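Student: the following block contains a protein sequence and its predicted model.
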Amino acid sequence: MTPPQSDLPTGNRPRSIWSRRFHQLGSPPFFYNLVGKLLPWVGALCALCFAAGLYGGLVLAPTDYQQGESYRIIYIHVPAAWMSMFVYLILAISGGIGLIWRMKLAQAVARASAPIGAAYTFLALLTGSLWGKPMWGTWWIWDARLTSELVLLFLYLGYMALQSAIDDRRTAARAGAVLALVGVVNLPIIHFSVEWWSTLHQGPTVTKFDTPSIATSMLIPLLLMAIAFQLHYLVALFARVRTEILDSERRSAWVTKMLAPS
Amino acid sequence: MGGYALFVWPAYGATVLVLSLAVVLPLRRHRQLTRELELIAMQRNRSQIT
């Protein structure tokens, strides 16, 4: 048997369905419409997860034997801290893709992610402070975990300042991507800070190779809240990236056609 | 909240506020921008007709 042969020159071979899907996803009008359609559904799912997580965390979960009721801050503090690092990773990856392949969509995702990540970082620091006061007796201490998380906030703010300082979008995206990639070094420092240096902050409870040292009735609401925060990131990202695309494509034919069909 | 209400509720309040703003503000900005661009496109259409 001879293998099936194609008459087409190599350059014109029909692309696989996945490759076509990927290229479609990279086209601004397609992505703009897709995200607009997904937004309400992801939003509804997000609200559902928040409702379940809050009910589980504030009503069903038992009181902690050491920290009393104050431990309930964990249900927002830990997801916010996880997201602060996750969104930074997305910022660096999409920034890198935008830098290497000049993909406009990746640049828009990076630009839209920064303020959301900054919001999570701010919440992680704020709720941590509100948890630290009754448990440690201080709002703030310059130890490794807290300081490296504060550095993360400054990385986000630096990225955002850079974006608003440079008028040309492509130059801003390139400069921001370099900053974001250099700042990645901070992520392992944040994660391992509680093991490398002595600190007031407790070690990891969930994200370690052992079984999590937390009761199941406390862990399930925490995971629900983590999913809710992930979905919240998607909703906020979708809303922001749509505005980004519309703004940067305002002169293109598809935007004009969509807004004022003549 | 077992004596910790002064710490727990502000933490939850701030989270609700920040997370809501992170969604509401860009949605509002998107609506404003859409309206703005619609107006520009309509004006351009009209000037082409006359």
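Tutor: That came in fine, so what should we check first?
Student: what parts of chain B come near chain A?
Tutor: B:1-4, B:7-8, B:10-12, B:14-15, B:18-19, B:21-23, B:26-27, B:29-30, B:33-34, B:37-38, B:41-42, B:44-45 (C-beta under 8 Å from any C-beta of the partner chain). Every C-beta, even on glycine, is put in place using the N, C-alpha and C of the backbone.
Student: could you redo the last one with a cut-off of 6 Å?
Tutor: Within reach of chain A by C-beta under 6 Å from any C-beta of the partner chain, chain B has these residues: B:1-2, B:4, B:7-8, B:10-11, B:14-15, B:18-19, B:22-23, B:26-27, B:29-30, B:33, B:37-38, B:41-42, B:45.
Student: please indicate which of the residues you listed are buried?
Tutor: B:4, B:7-8, B:11, B:14-15, B:19, B:22-23, B:26-27, B:29-30, B:37, B:41 (16 or more other C-beta atoms under 10 Å in any protein chain shown).
Student: host element of residue A:116?
Tutor: Assigned by DSSP states H and E, residue A:116 falls within helix A:104-136.
Student: how about that helix and chain B, touching?
Tutor: Yes. Helix A:104-136 comes into contact with chain B (C-beta under 6 Å from any C-beta), by way of A:116, A:119, A:123, A:126-127, A:130, A:134.
Student: mind showing which ranges of chain A have poor pLDDT?
Tutor: A:1-15, A:207-210, A:262 (pLDDT under 70).
Student: for chain B, which segments count as helices?
Tutor: Ranges of helices within chain B are B:5-49, based on DSSP state H.
Student: got any ranges where it has weak pLDDT?
Tutor: Using pLDDT under 70, chain B drops low at B:50.
Student: tell me the spacing between the residue nearest the centre of chain A and chain B.
Tutor: Centroid check for chain A by C-alpha atoms, centre = their mean gives residue A:87 as the closest residue, at 2.6 Å. Going from residue A:87 to chain B by C-beta to the nearest C-beta, to the nearest Å gives 11 Å.
Student: not counting its neighbours along the chain, what's nearest that residue?
Tutor: Spatially, and ignoring its direct neighbours in sequence, residue A:87 is nearest to residue A:117 (3.4 Å; C-beta to C-beta, 6 or more residues apart in numbering or on different chains).
Student: and that neighbour, what does it touch?
Tutor: Listed by C-beta atoms under 6 Å, 6 or more residues apart in numbering or on different chains, the contact set of residue A:117 reads A:87-88, A:156.
Student: recalculate using a threshold of 7 Å.
Tutor: A:84, A:87-88, A:91, A:156 (C-beta atoms under 7 Å, 6 or more residues apart in numbering or on different chains).
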